[in-house]
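Undergrad: How does the following fold in three dimensions:
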Amino acid sequence: MAIEINVSEAKAHLSQLLDKAIAGEDIIITRSGRPLVRLTPVVSPRFQRVLGTAKGDFVVPGDFNDPLPDDVLAMFEK
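TA: Alright, predicted model coming up:
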């Protein structure tokens, strides 16, 4: 069931109407009882990520998990 609201009421309650539209409610703004516009949320297009496209661009060094050198650790303690 759609919510129909006239333009002047829509101006006064726009923030709440936007929240309702984002939540999935159908909001129709009317003038003199005639429907003018429908509020609908903008949906960002979702894209499918392709795994492995950067394969070979970076190699994790063998000492990656080794403790940091003392001089580097000292910088964190300043």
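Undergrad: Need the pLDDT of Pro45.
TA: Looking at Pro45, its pLDDT is 77.
Undergrad: now swap in Lys55 and tell me
TA: On the pLDDT scale, Lys55 gets 89.
Undergrad: measure it to Gln48 for me?
TA: With the distance defined as C-beta to C-beta, to the nearest Å, Lys55 ends up 17 Å from Gln48. Using the backbone N, CA and C atoms, a C-beta is placed for each residue, glycine as well.
Undergrad: List phi and psi for Val7.
TA: Main-chain dihedrals, Val7, degrees, to the nearest 10: phi -60, psi -50.
Undergrad: Which residue, neighbours along the chain excluded, lies closest to it?
TA: Leaving aside its chain neighbours, Val7 sits nearest to Arg31 (5.2 Å; criterion: C-beta to C-beta, 6 or more residues apart in numbering).
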